[in-house]
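Student: here is a sequence together with a model predicted from it:
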Amino acid sequence: MNVQPAAFLRTTLPLGIEALGDYDSGRYHSIWLPDHMVSFWPDSIWTPEFTDLATVSPSPHRHLDGMAVAGAAAVLTRHTPIATTVVDTVRRHPAMLAQTALTLDHLSKGRFILGLGSGELENTVPYGFDFERPVSRLEEAIKVIKLLWHSDGPVDFHGEFYRLEHARMDTELFDGKPPPIWMGAAGPRMLKITGREADGWWPAGSYTPEDYAAKLKLITDAGEAAGRDMSGFVPAITQISLIGEEDEIAEMLEKPMVKSIILMLTAQDLRQFGYDHPMGPDWRGIMDFDPVKLSREKIIAFCEAVNTQAIRDIFPVGSPRQVAAKFKGLADAGMRVFKVMDYGGMAGLAYGAKSAAKVRAVEDEVLRLCS
């Protein structure tokens, strides 16, 4: 089967843009760039008391604009597609997204992938954005983007969230083709929108091959029901992992930053694996998570309550060979592009120094297993 890894260019300081030469070597399917205002890591434990990472960076939230960094990546590479993973349609108006995507596609000579999502609380609410009905907003935003891309002359649009009056976007598509749209999606409604509108997919919350396959089927069924040819659709995944030998894994799992992975998961996610969520039965993961508001006391209580076996049961954990076997299961379920996100690096500077080599080892083993 044709399976490829993706490269990941972080959009925080220090930027690390010098890695683009390696990422453009032909090894990677695409280069993925996140678009955040803040990171997932709670402020209250980003201190030397809890992690030595705080001794080299004053904050985990030193984010740059993902779309601007994508522009730099577009002109500093020649071969590999550039993808945003993902831009939300709460902070950015769809008319601007349509124009920026065309700009990046021209800069990259047809290599830009517009990755879209419905947004997260931490990146929207603290900045005064309206986070009500984000999925409906996303669905309408895609209609506006496509309308502007494919219309000749001025267009009108009257929706619930957006309004166009004699709006025009006369910038032609690069080589006559629009940028592909990939979606970050997990729930049934988002998955159906993905099938009807998108060209690729990153899931959030698919932790087993069976779950991945079921969600992918929901996407393809929705696409085919809408009359789309889904043969070129690209199923992908960004998968949190912990890579190391058993003594390393045991030490990683005692670190507060690693335990914080559980904050990203919903209570429903944990229930499916037989665990109660330390944040309560209604916790919605990244939809509820504001890293600035979680106090030191709450995080300490959370870390004491976390059952780290849940991390072992939900995510790929272990040696490069063990982790790669989990990715092979996802490939058997239909996944074709993967990014190994080694969160073992959040255990501290020593682990962070080894992270890139471990990720490479997993990629190599996945490619061997899938060849």
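Tutor: Noted; the coordinates are in hand. Residues are numbered from 1 along each chain as shown.
Student: only C-alpha atoms for contact and neighbour calcs from this point on.
Tutor: Noted.
Student: can you map out the helices along the stretch 101-250 of the chain?
Tutor: 121-124, 134-150, 188-197, 209-225, 246-252 (DSSP state H, counting those that start in this stretch).
Student: same deal with the stretch 251-371 of the chain?
Tutor: Assigned by DSSP H, counting those that start in this stretch, the helices in the stretch 251-371 of the chain fall at 256-259, 267-272, 296-305, 309-314, 320-332, 349-370.
Student: just give me the residue closest to the centre of this structure.
Tutor: Residue closest to the mean C-alpha point of the chain, counted by CA atoms, centre = their mean, is Thr85 at 4.6 Å.
Student: next, that one: phi, psi?
Tutor: Dihedral angles of Thr85 (phi, psi; degrees, to the nearest 10) stand at phi -130, psi 90.
Student: show the pLDDT at it.
Tutor: According to the prediction, Thr85 has pLDDT 94.
Student: before we move on, what about the one 10 residues further on?
Tutor: According to the predicted model, the pLDDT of Ala95 comes to 98.
Student: can you pull out the low-pLDDT segments for the stretch 151-300 of the chain?
Tutor: The model of the stretch 151-300 of the chain has no residue with pLDDT under 70.
Student: apart from its neighbours in sequence, what residue is nearest Ala141?
Tutor: Pro94 (5.2 Å; CA to CA, 6 or more residues apart in numbering).
Student: next: Glu165.
Tutor: Nearest to Glu165 is Asp156, by CA to CA, 6+ apart, at 4.8 Å.
Student: tell me the spacing between the one you found and Leu102.
Tutor: Distance, Asp156 to Leu102, using CA to CA, to the nearest Å: 20 Å.
Student: if we can go back for a sec, OK, contacts around the residue nearest to Ala141?
Tutor: Ala141, Ile142, Val144, Ile145 (CA atoms under 8 Å, 6 or more residues apart in numbering).
Student: repeat that for Glu210.
Tutor: The neighbourhood of Glu210, defined by CA under 8 Å, 6+ apart, consists of Ala333.
Student: any idea how far it lies from Leu216?
Tutor: According to CA to CA, Glu210 stands 10 Å off from Leu216.
Student: then Ala198?
Tutor: With CA to CA as the criterion, Ala198 and Leu216 are 12 Å apart.
Student: then Ser355?
Tutor: Distance, Ser355 to Leu216, by CA to CA: 30 Å.
Student: what's next to stretch 351-367, contact-wise?
Tutor: 3-5, 243-244, 320-321, 323-325, 327-328, 340-342, 344-346.
Student: how does it look with 10 Å?
Tutor: Residues outside stretch 351-367 that contact it (CA atoms under 10 Å, 6 or more residues apart in numbering): 1-6, 53, 241-244, 248, 252, 319-329, 331, 338-346, 349, 368-369, 371.
Student: who's more crowded, Asp156 and Leu102?
Tutor: Taking other CA atoms under 10 Å, Asp156 and Leu102 do not tie; Leu102 has more neighbours (23 against 14).
Student: how about the contacts made by the more buried one?
Tutor: Leu102 neighbours (CA under 10 Å, 6+ apart): 96, 108, 110, 112, 114, 149, 169, 171-174, 178-179.
Student: greatest separation within these: which pair is it?
Tutor: Spatial extent of the contacts of Leu102 (CA to CA) is set by the pair Ser108 and Met169 at 19.3 Å.
Student: okay, the two: which has more neighbours?
Tutor: Legend: neighbour count by other CA under 10 Å for Ser108 and Met169, higher for Ser108 (24 against 18).
Student: the more buried one reaches Ala83, doesn't it?
Tutor: No: contact criterion CA atoms under 10 Å: Ser108 and Ala83 do not qualify, at 11.0 Å.
Student: now list whatever residues contact both of these two.
Tutor: Ala70, Ala73, Ala74.
Student: in helices, which of those fall?
Tutor: Residues of the shared contacts of Ser108 and Ala83 located in helices (DSSP state H): Ala70, Ala73, Ala74.
Student: residues touching the last one, list them.
Tutor: Taking CA under 10 Å, 6+ apart as the contact definition, Ala74 lies against 20, 31, 68, 80-83, 104-112.
Student: contacts only, for Glu122.
Tutor: 36-40, 286-293.
Student: circling back to that earlier point, list just the nearest of the contacts of Leu102 to Lys192.
Tutor: Leu114 (18.1 Å).
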